[in-house]
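Asks: 3D model of this:
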Amino acid sequence: MNTIKTSLIQSDLYWQDIDANLAMFEEKIWEIEGPTDIIILPEMFNTGFTMNAEKLAEPTNFKTFRWMSQMARQKDAAIVGSYIVKESSKYYNRLYWIEPDGSFDFYDKRHLFRMGNEHLIYTHGKKRLIRNFRGWKIMPLVCYDLRFPIWSRNQFDKESGQLSYDLLIYVANWPKPRTDVWNSLLKARSLENQCFSIGLNRTGSDGEGIEYDGHSIVFDFKGQALNSVSDRQHIETTELNFDELQEFRKKFPAYMDWDQFEIK
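Replies: Numbering: from 1, shown residues only. I've put the predicted structure just below:
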């Protein structure tokens, strides 16, 4: 399809309360007006950004996963967000991408926020996720990953003439003091990768007293903001145009001069 609609749900979170957050987000999902293709939730959307993994982690295919699957099916949209998963004896800040037909994939956060001791609790991911959905190639990442441009680097395959992805999504709990960094890096990712980029952040404050002021935003391939949500709780749906992206890439094919390298 030539266009795809993305719905950003910017919200405060109930601290370490899975049931309350799932109930709250379910209400907000049903408030989305009209059809949408992708519903985006924050990082650790069912608990807030917490190191209390031992208490709050879920096994795979448990309550939150089933809830996401149900929401995707009922809204006929992909749903994406991260939460704490325990696998064997390890904990992951795991992002799930779940589609209406029940198909899914996941991405384990690669860059763990050492200033919050995340690297002491969770195991980092080893592979990127790029999902083909409704004619778009989409790569979702998590919060602190935004600071590492090599990990998010789009790549050009000279044989096929194709780029790795068209849309970059970051789900986050990005604190208020670094809002300017958030905006600057999201804009840079769209420009350097010649793609749309979306950052979805939370609002409010968590149980550690850390404040978040949202500023979820959608940038196009020219670094222009298509939609921006300031510090309020809000649902914002934005339509992205694939033909416009392709036309820009044809007129300004900087990707053909990108340095070639392998991401490990």
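Asks: surely Glu236 and Gly214 touch.
Replies: No - with the criterion set as Cβ atoms under 8 Å, Glu236 and Gly214 do not qualify as a contacting pair; they are 10.3 Å apart. Using the backbone N, CA and C atoms, a C-beta is placed for each residue, glycine as well.
Asks: these two: which is more packed in?
Replies: A direct count of neighbours by other Cβ atoms under 10 Å for Glu236 and Gly214 places Gly214 higher, at 28 against 19.
Asks: from Ile121, how far out is that one?
Replies: Between Gly214 and Ile121 the distance is 25 Å, computed by Cβ to Cβ, to the nearest Å.
Asks: for the chain, give the helix that spans the most residues.
Replies: Longest helix in the chain by number of residues, with DSSP state H as the criterion: helix 179-193.
Asks: after that one, next one along is what?
Replies: Downstream of helix 179-193, the next assigned helix or strand under DSSP states H and E is strand 196-200.
Asks: can you list the strands that the helix or strand following that next one pairs with?
Replies: Sequence-wise, the next helix or strand beyond strand 196-200 is strand 203-205, with elements assigned using DSSP H and E. Using DSSP bridges, the strands paired with strand 203-205 are strand 211-213 (antiparallel).
Asks: following the strand it pairs with, which helix or strand comes up?
Replies: On the C-terminal side of strand 211-213, the closest following helix or strand by DSSP H and E is strand 217-219.
Asks: what ranges does the stretch 101-250 of the chain have for its helices?
Replies: Defined through DSSP state H, counting those that start in this stretch, the helices belonging to the stretch 101-250 of the chain, from first to last, are 118-121, 179-193, 242-251.
Asks: list the contacts of the helix or strand where Ser82 lies.
Replies: Secondary structure assigned from DSSP H and E places Ser82 in strand 78-87. With Cβ atoms under 8 Å, 6 or more residues apart in numbering as the test, strand 78-87 has contacts from 37-47, 50, 53, 56-60, 64, 68, 71-72, 91-100, 109, 122, 131, 133, 140, 142, 169, 171.
Asks: buried only: go through the residues you listed for me.
Replies: Of the members of the contacts of strand 78-87, the ones counted as buried by neighbours, 16 or more other Cβ atoms under 10 Å, are 37-47, 50, 53, 56-58, 64, 68, 71-72, 91-100, 109, 122, 131, 133, 140, 142, 169, 171.
Asks: quick one on the thing from earlier: name the stretch from the helices of the stretch 101-250 of the chain that approaches Gly223 most closely.
Replies: The closest approach between Gly223 and any of the helices of the stretch 101-250 of the chain, judged by Cβ to Cβ, belongs to helix 179-193 at 4.5 Å.
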